[in-house]
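**Student:** Show me the folded form of this:
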Amino acid sequence: MSELIRRYGSSLTVVMVLLTAFWLLALVVLPNIVLFLFSFKPYLPVDQLGGPKDVYSLDNYRTFFSSPIHIHIFGLTVLYSSIVTILCLIICYPLAYYLAKVVKADSAPTIFMLLLIPLWVSEILRTFAWFIILSYQGPLNAVLKGIGLSPVRWISGYNAVIIGLIYSYLLFMLFPIYNAVSSLDTNQIEASEDLGAKTWRTHWRVIIPHAKPGIASGCVMVFMLSAGSVIVPSTLASPSSRWFTEIIQQWMFEGLDWNTGSAYAFLLLVLCIVFVSLVMRVLNVRLVDIAK
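**Tutor:** Below you'll find the model as predicted:
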């Protein structure tokens, strides 16, 4: 706080703190409190609200745990969100290292601009574009046919969903890792190489430990965005693949049962909190490191 006051002055600091507090309270804390309270209320007609049946109970949560299909979909959402996170990490770590330590400084802005161009288009349009590309009669299979290969049903199972999620949230993994790697003194890498360490050992013992906060931040963001995605699974999923957010959407907007939908949404929130705690423990980082 003292640093903010020194840099921006007391008046501007008070305004920033109040705006931040309002944002956290109005857009994060209060909605989740309402979500939590709704999840314990039954779904009743309007004329029964406030009546003897309008009491707190665990019935909405029992609905989830008594439904093997919903539990199965919940588990698949966790599984494939984790796969998307791991694949994004595998793709982004070498790319982040290349941009931070290999590419020339004057070329990096151009590369970043090329990476950011897709974000200028809305997620809905990007997802529909992938639906066209991955369709059975789409351009990707046309290329495969042109080189003598058999066409592939990309939109089957969770294949297209994984591709769409990776494309949508790849940069949320790239930028935190890039920021962490770029802050590493290049002399440490050169010292490791001068001492005879192999490339993989330099990454394992020098670069990755320094980049842990960026890796943790990227993993948390990609997993939470993937698990909470609605547009990509709804557009690219096949009849045999469902996403947990689709179940929540059905409860709330098709069944108009906001109470059961709130219970399901709160379970998804608990999942994200557990994942953040797990990532912090595995990578041995603090919450403040992830928030940087």
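**Student:** model confidence over stretch 44-60, on average?
**Tutor:** Per-region confidence: stretch 44-60 scores 75 on mean pLDDT.
**Student:** ok, now stretch 131-147?
**Tutor:** Averaging pLDDT along stretch 131-147 gives 87.
**Student:** do the same with stretch 236-256
**Tutor:** When pLDDT is averaged along stretch 236-256, the result is 84.
**Student:** wait, doesn't Ser156 sit right on Leu236?
**Tutor:** No - checked against Cβ atoms under 8 Å, the pair Ser156 and Leu236 is beyond contact range at 10.5 Å. Every C-beta, even on glycine, is put in place using the N, C-alpha and C of the backbone.
**Student:** So between these two, which is more surrounded?
**Tutor:** With neighbours defined as other Cβ atoms under 10 Å, Ser156 and Leu236 compare such that Leu236 has more, 24 against 15.
**Student:** Distance-wise, check Asn196 relative to Thr202.
**Tutor:** Check again: residue 196 is Gly, not Asn. Using Cβ to Cβ, to the nearest Å, one gets 10 Å for the distance from Gly196 to Thr202.
**Student:** who has more neighbours, these two?
**Tutor:** For the pair Gly196 and Thr202, the greater number of neighbours falls to Thr202 (18 against 7), based on other Cβ under 10 Å.
**Student:** Could you say which helix or strand holds Asn141?
**Tutor:** Following DSSP states H and E, one finds Asn141 within helix 139-146.
**Student:** okay but Leu35 is in contact with Phe266, surely?
**Tutor:** Yes - Leu35 is within contact range of Phe266, at 5.7 Å (criterion: Cβ under 8 Å).
**Student:** so what does the helix holding Asn141 touch, helix or strand wise?
**Tutor:** Using 3 or more Cβ pairs under 8 Å, 6 or more residues apart in numbering; DSSP states H and E as the contact criterion, the elements in contact with helix 139-146 are helix 123-134.
**Student:** other SSEs contacting the helix it packs on?
**Tutor:** If contacts are counted by 3+ Cβ pairs under 8 Å, 6+ apart, helix 123-134 sits against helix 139-146, helix 159-182, helix 231-236.
**Student:** Many thanks, I have nothing further to ask.
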